[in-house]
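Q: just need the structure, nothing else, for what follows:
(4 chains)
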Number of protein chains: 2
Amino acid sequence: MSNLKFSRQRETIKEYLANTKEHPTADMIYMSIRETNPNISLGTVYRNLNLLVDQGEIIKISHGTGSDRFDGNPKPHYHFVCTACSCVQDIELAPGALDHINLIASANFNGEIKGHSTFFYGHCANCKR
Amino acid sequence: MSNLKFSRQRETIKEYLANTKEHPTADMIYMSIRETNPNISLGTVYRNLNLLVDQGEIIKISHGTGSDRFDGNPKPHYHFVCTACSCVQDIELAPGALDHINLIASANFNGEIKGHSTFFYGHCANCKR
DNA sequence: TTACCTGCAAACCATTTGCAGATCC
DNA sequence: GGATCTGCAAATGGTTTGCAGGTAA
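A: Below is the predicted model:
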């Protein structure tokens, strides 16, 4: 409803997310931006992250353990979480590659399944040996 | 390491979870048990829930939004979360029915995928219309 | 007797929010 | 000028923890 105004802080956050593959937490973003913009506050980082999520410009990743992480790529895609180092990585899948599991799950279910949320676990390339 | 002693509180919690399909939060469990056991504390509920999870006797369900929920059925199975009423329900699937998605995800991934965590979303039987 | 367990309350952590002033349009 | 934004700091909500006393084996 309300129209967004330009905000240097929000631009900085968006730009930071566009240039990292780290899937950082709000605090990681805060720490990093503070190096060039020492006055920014953590509250502002959270407020803008939520705004950007609402606008569909970024994605919030809530995988059970630890703080939420954020992804500058708003296209739906899957994520991998390393059980050793806790890093989060993108998983490249053809669009819709897992859509069929909604049907599998629907087979014996009474309600209406509209989607799913999946995280893959294991050891990342650095942690496997 | 340490051996568990009998505890009336822990038994009560286990029994409560064994007899509900609600997938309650720690607080729901606390509120309910307090009706017959007014002295129990929320800290004790949390401590025992974590112990039971460590023992593999119950499961903790951490789906992004809201408090964690607990399931008295320790066998791995899938869950559905209603986007309307927030209820959590079991999804009955043949064991291993979705194991193949690990292979799909592994195809273009560098690390070693050992498992996945999936929640289904939609409207439950009560909320669809 | 001695682990382990409890209630209580305070601590913790991630996130949100109220406020008074600054900024964009 | 007025709505939207900011920094700050306090509040919130869920969960954990330290402590001193209680209980099972």
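
Q: could you break chain A into its assigned domains?
A: Domain segmentation of chain A under automatic domain parsing yields A:1-71, A:76-129.

Q: mind putting those domains in TSV, mean neighbour count, mean pLDDT and distance to B:P38 included?
A: Any C-beta I mention is one placed from the backbone N, CA and C, and that applies to glycine too. Shown next, in TSV, are the domains of chain A (neighbours: other C-beta atoms under 10 Å in any protein chain shown; pLDDT from 0 to 100; distance: least, C-beta to C-beta, whole Å):
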stretch	mean neighbour count	mean pLDDT	distance to B:P38
domain A:1-71	15	95	32
domain A:76-129	16	94	37
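
Q: nearest to DNA strand D, of those?
A: Minimum separation from DNA strand D across the domains of chain A (C-beta to the nearest atom of the strand) falls at domain A:1-71, 2.9 Å.

Q: how far does that closest one sit from the chain's center?
A: 10 Å (C-alpha atoms, centre = their mean, to the nearest Å).

Q: would it count as contacting DNA strand C?
A: Yes - contact between domain A:1-71 and DNA strand C is present through A:5-8, A:25-27, A:42-43, A:46-47, A:50, A:66-68 (criterion: C-beta under 7 Å from any atom of the strand).

Q: isn't there a strand covering A:E11?
A: No - going by DSSP: H, G, I helix; E, B strand; the rest coil, the assignment for A:E11 is helix, not a strand.

Q: mind listing what it touches?
A: If you count contacts by C-beta atoms under 8 Å, 6 or more residues apart in numbering or on different chains, A:E11 has none.

Q: if you set the cut-off to 10 Å instead, what comes out?
A: By C-beta atoms under 10 Å, 6 or more residues apart in numbering or on different chains, A:E11 lies in contact with A:N48.

Q: what about it, distance to chain B?
A: 27 Å (C-beta to the nearest C-beta, to the nearest Å).

Q: on that earlier part again, nearest to A:E57, of the residues of domain A:1-71 next to DNA strand C?
A: In terms of C-beta to C-beta, no member of the residues of domain A:1-71 next to DNA strand C lies closer to A:E57 than A:N50, at 11.3 Å.

Q: what's the following helix or strand after the helix or strand where that closest one lies?
A: In this assignment (DSSP states H and E), A:N50 forms part of helix A:42-54. Remark: after helix A:42-54, the chain's next helix or strand is strand A:59-61, criterion DSSP H and E.

Q: which residues does the helix or strand following that following strand contact?
A: Downstream of strand A:59-61, the next assigned helix or strand under DSSP H and E is strand A:69-71. Contact partners of strand A:69-71, identified using C-beta under 10 Å, 6+ apart, comprise A:13, A:16-17, A:20-26, A:28-29, A:45, A:49, A:52-53, A:58-63, A:77, A:79, A:81, A:86-88, A:90.

Q: recalculate using a threshold of 8 Å.
A: Counting by C-beta under 8 Å, 6+ apart, A:17, A:23-26, A:29, A:49, A:53, A:58-61, A:63, A:79, A:88, A:90 sit against strand A:69-71.

Q: how about stretch A:98-105?
A: Contacts for stretch A:98-105 (C-beta under 8 Å, 6+ apart): A:78, A:113-116, A:118, B:78, B:80, B:91, B:93, B:97-98, B:101, B:104, B:118, B:120.
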